[in-house]
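Asks: Everything below, folded, please.
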Amino acid sequence: MRDLIGKLEVVDDDTASALRVIDHFDRLVDERASTAAVVRAAAALAGSPAGLHDAARGLAKRFAADGRALAGETDGGWHHAPVPGQPGSWLWLERTGDDGPLDALILERAARALQALSTGAPDPSTSGLVRIACDPDATDADRRDAVARLDLAGPAGPAGPAGPVTVVLSSSTNLRATLSSTVGDLVVALLPGTPTIPDGIRAGAAVAPDPLQLPAALEQARTALRLASDVGGLAPAVVRYDDLGALAVIAERISAAEAARVGDVRRLEELLAGHPWVVDTLHAVLDQPSLRQSAAMLHVHHSTLQERLTWLSAQLGYSPIKGRGRQRASVAVLLWRVAHGPDTEDV
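Replies: Below you'll find the model as predicted:
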């Protein structure tokens, strides 16, 4: 191969360059090189950053053309190539402008090298299959395969009717389930049917009517989690997306940073600094049909609650229990929860 490349460089440099790419990845396979070495080779040969999304392990590897490791996974719409035999995994080149003349070949040979190097590797773990099933970028075929392996395809098998699956997303490691994995810093669990969500965790939940809709349900569970309260608080620690209705739009459209900049939210933060009961009191009076029931929820005397509301009205500049003031307080508390919840850009 190397002799042929040398001869072709004299008469056909493009062909020689293509053969050089093929030879480079063939040698990596012969040497049983690491996954990182293959991605680094793709970056070096292309002269641009390259990356690998490993679905089974739920991680990404990116390297610059000089071999330096780069942080994170990008979503820049780069040219992708699937890795054969590794459902939901793919390579990409972060090329700005037009594709290079060898980009397609580099991706194809790198993907084939990764396939060859993984020959004999075990099938994806349950955790890996959960990630593939929930990955919005996985192919339909890979998702169907993962769903079938997880036995979520219904009693009649992969071709039969599929039942609903509840997706539960939590920051708590106490979330235990047979079908679970991690998404960033969060734990995701798949609970077939209409299960009872475990107590003692802060979580968001959403239902996928069909297991092939798990990626959409995961995003809905992420939205619900942003509005969940801490365990032991007065507000629900487990929030179901289907219960939010129009409120979901606020959590979906507004980031934590944007919510924190709202004047009414900043005022709540100022009041909380010296009066930690402020948000719980507002939640109680907004949640309960009467002030006596609100006081019982707070475990305070009715007169104590009246004193708190008088003070709050003066501090807020409006009554949180009357007319538009009640609506304003409800939105302020909702935005306060968004400001204190995990941001969609961070998880």
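Asks: what about the strands in the stretch 201-347 of the chain?
Replies: Assigned by DSSP state E, counting those that start in this stretch, the stretch 201-347 of the chain shows strands spanning 203-208, 238-240.
Asks: For the shortest one, which strands pair with it and how are they oriented?
Replies: Pointing back at strand 238-240 there. Strand 238-240 has the following sheet partners, assigned by DSSP bridges: strand 203-208 (parallel).
Asks: among the strands of the stretch 201-347 of the chain, which is the most enclosed?
Replies: Here the criterion is mean neighbour count by mean count of other CB atoms under 10 Å, and of the strands of the stretch 201-347 of the chain the winner is strand 203-208, at a mean of 25. To be clear about C-beta, it is placed using only N, CA and C from the backbone, and glycine gets the same treatment.
Asks: how about the CA coordinates for that one, as CSV?
Replies: Included here for strand 203-208 are C-alpha records, laid out as CSV according to Å, rounded to 0.1, in the frame of the first residue of the first chain:
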residue,chain,number,x,y,z
ALA,A,203,-38.5,14.6,39.9
GLY,A,204,-40.3,15.5,36.7
ALA,A,205,-42.4,12.9,34.9
ALA,A,206,-44.0,12.6,31.5
VAL,A,207,-45.7,9.8,29.7
ALA,A,208,-44.7,8.5,26.3
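Asks: care to break the chain down by domain?
Replies: 2-117, 127-246, 254-340 (automatic domain parsing).
Asks: For those domains, which has the smallest mean pLDDT value?
Replies: Lowest mean pLDDT of these: domain 2-117, a mean of 78.
Asks: Report the distance from that one to the chain centre.
Replies: Chain-centre distance of domain 2-117: 26 Å, with CA atoms, centre = their mean, to the nearest Å.
Asks: coming back round to it: which of the domains of the chain sits most buried?
Replies: With neighbours defined as mean count of other CB under 10 Å, the domains of the chain peak in mean count at domain 127-246, which reaches a mean of 19.
Asks: what's the span of that domain, first residue to last?
Replies: For domain 127-246, the first-to-last residue distance is 33 Å (CA to CA, to the nearest Å).
Asks: any idea which helix or strand comes after the helix or strand encompassing Ala43?
Replies: Using DSSP states H and E, Ala43 sits within helix 35-46. Next helix or strand after helix 35-46 toward the C-terminus (DSSP H and E): strand 50-54.
Asks: The next helix or strand after that next one pairs with which strands, parallel or anti?
Replies: Downstream of strand 50-54, the next assigned helix or strand under DSSP H and E is strand 59-63. Using DSSP bridges, strand 59-63 pairs in its sheet with strand 50-54 (antiparallel), strand 69-70 (antiparallel).
Asks: Give the phi and psi angles for the nearest residue to Thr166 once chain neighbours are set aside, as a check.
Replies: With CB to CB, 6 or more residues apart in numbering as the criterion, Thr166 has its nearest non-adjacent residue at 4.4 Å, and that residue is Leu191. With angles defined as degrees, to the nearest 10, Leu191 sits at phi -120, psi 110.
Asks: Check the contact between Leu191 and Val168; I expect there is one.
Replies: Yes - the pair Leu191 / Val168 is scored as a contact, 6.3 Å apart, by CB atoms under 8 Å.
Asks: residues shared between the contacts of these two?
Replies: Counting by CB atoms under 8 Å, 6 or more residues apart in numbering, the common neighbours of Leu191 and Val168 are Ala177, Ile197.
Asks: out of the strands paired with strand 59-63, nearest to Ser319?
Replies: With CB to CB as the measure, strand 50-54 is the member of those nearest Ser319 (52.5 Å).
Asks: now the angle from the closest one to helix 35-46?
Replies: Between strand 50-54 and helix 35-46, the angle comes out at 150 degrees (axes from the mean of the first three to the mean of the last three CA atoms, to 10 degrees).
Asks: gap between Pro198 and Ile250?
Replies: Using CB to CB, to the nearest Å, one gets 27 Å for the distance from Pro198 to Ile250.
Asks: ok, Val165 - contacts?
Replies: Leu152, Leu190, Leu191, Pro192, Gly193, Val207, Ala208, Pro211, Leu214, Ala217.
Asks: Now with 6 Å, please.
Replies: Residues near Val165 by CB atoms under 6 Å, 6 or more residues apart in numbering: Leu152, Leu190, Pro192, Ala208, Pro211.
Asks: so the second one makes contact with Leu179?
Replies: Yes - under the criterion of CB atoms under 6 Å, Leu190 makes contact with Leu179 at 4.2 Å.
Asks: what about the residue nearest to Thr166, distance to Val207?
Replies: Per CB to CB, Leu191 is found 10 Å from Val207.
Asks: What of Asp230?
Replies: From Asp230 to Val207 the distance is 24 Å (CB to CB).
Asks: do Pro289 as well
Replies: 29 Å.
Asks: what do you get for Gln86?
Replies: 29 Å.
Asks: what do you get for His301?
Replies: 41 Å.
Asks: List the residues that contact Pro192.
Replies: So Pro192 contacts Val165 (CB under 6 Å, 6+ apart).
Asks: Distance to Thr139 for the strands paired with strand 59-63 - can I get that in CSV?
Replies: Shown next, in CSV, are these (distance: least, CB to CB, whole Å):
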stretch, distance to Thr139
strand 50-54, 12
strand 69-70, 25
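Asks: Pull up the gap between Val21 and Leu282, please.
Replies: Taking CB to CB as the measure, Val21 falls 64 Å from Leu282.
Asks: next one: Pro320
Replies: Counting by CB to CB - Pro320 and Leu282 are separated by 6 Å.
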